[in-house]
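Chemist: Quick one: sequence and predicted model below, then my questions.
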Amino acid sequence: MTFDSHAKLEQNLLTCALCPLRQHAIGPTSYNGCPESPLAIVGEGPGGVEDEYGVPLVGPSGQLLDKALTSVKVTRDRVYTTNVIKCRPKGNRTPTIEEGCFCAEKWLDAEMASVKPKVIIALGSVALKYLYGPDKRITKDRGQWFTTKYQIPAIATYHPAYLLRLTGKELIRAKWEVFYDLQKAVAKCLELAPDFSLQSAEPPNLLEQYKTRRETRRAK
C-alpha cells in the first residue's frame, strides 16, 4: 500500500481490522519518534502498555531500550521506532511468522517506503525473520550485517523483553552484546548520514507524550 503522506499512513493504520489479532487488542499501534531519521528500530509486537498507549516500546521493554540507546548516545525522539506486528496478540504471546508476514506486508513495508531509513535495527526474532529470512535465529545471527528486502542495511540484536528475563552472568553478557550491536548500527548510521544528530539534549518522556492517545483509546 502507498499513501500520500506519513500522517495518512498512520491514520489508516490506526483503524486497521484486517486480521484476527485486532479482536483481542484495544487497537493497532503505530510508531513513535522521527520519520525523517536515518535510523529505524523495528521490534516484534506490542505488549500491554503499548496496547494502552498506541505506540511501540514504551513499557518496561521500551524503558530498557531507552537506557541501552542512551549508552550509545541516541534518544528515541531522534530515531523511528515501529513493530512488525501492530496489534497485541492475545495473552501477550510471541507473534507467529505468518502473523508477522501478513501484518508487515500491509504496514511495515509501507512505513519503510515512506521513511526510507539508511539503517535498521531489528529487535528480536520476529523482526529478524521478517527482515532477513524465516530460517534465521537471533542467537546465531545477531550482531551481523545483512541487507533487508528494502535494500537497506540492518543489524539484529536481542529484544529488551528477552533481557528482562535474564539474570546473573547471562544478563551481563547479553547486555554487552546489545551494546556492541547498537554501537555498530550508530556508527554505520553516522557514516551514511553524518549531518543528522541522533541525540537530543533532553530525552523524551514517551508515556507523557502519548498520554492523550492512551485516554482516547481507553474511552473506546
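Modeler: Nice, thanks for sending it over. Numbers count the residues shown, from 1 in each chain.

Chemist: Helices of this structure, start to end?
Modeler: 6-13, 48-53, 60-70, 97-106, 108-115, 124-131, 138-141, 160-163, 168-192, 206-209, 211-218 (DSSP state H).

Chemist: For the fifth one, buried residues please.
Modeler: Spelled out, it's helix 108-115. Neighbour counts over helix 108-115 (16 or more other Cβ atoms under 10 Å) mark 108, 110-112, 114-115 as buried. All C-beta atoms are positioned from the backbone trio N, CA, C, and that covers glycine.

Chemist: what's across from residue 43 in the sheet?
Modeler: residue 83 (DSSP bridges).

Chemist: looking at it, it is touching residue 157, isn't it?
Modeler: No: checked against Cβ atoms under 8 Å, the pair residue 43 and residue 157 is beyond contact range at 10.9 Å.

Chemist: which residues do those two both contact?
Modeler: residue 123 (Cβ atoms under 8 Å, 6 or more residues apart in numbering).

Chemist: Give me the distance between the two termini of stretch 160-170.
Modeler: 14 Å (Cα to Cα, to the nearest Å).

Chemist: Quick one: mean pLDDT for that stretch?
Modeler: Per-residue pLDDT over stretch 160-170 has a mean of 97.

Chemist: do stretch 123-140 as well
Modeler: Per-residue scores along stretch 123-140 average to 95.

Chemist: Reformat the helices of the chain as JSON lines; add distance to residue 85.
Modeler: Shown next, in JSON lines, are these (distance: least, Cβ to Cβ, whole Å):
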{"stretch": "helix 6-13", "distance to residue 85": "12"}
{"stretch": "helix 48-53", "distance to residue 85": "10"}
{"stretch": "helix 60-70", "distance to residue 85": "14"}
{"stretch": "helix 97-106", "distance to residue 85": "5"}
{"stretch": "helix 108-115", "distance to residue 85": "9"}
{"stretch": "helix 124-131", "distance to residue 85": "7"}
{"stretch": "helix 138-141", "distance to residue 85": "16"}
{"stretch": "helix 160-163", "distance to residue 85": "13"}
{"stretch": "helix 168-192", "distance to residue 85": "21"}
{"stretch": "helix 206-209", "distance to residue 85": "19"}
{"stretch": "helix 211-218", "distance to residue 85": "17"}
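
Chemist: so of these, which one's packed in deepest?
Modeler: helix 124-131 (a mean of 25; mean count of other Cβ atoms under 10 Å).
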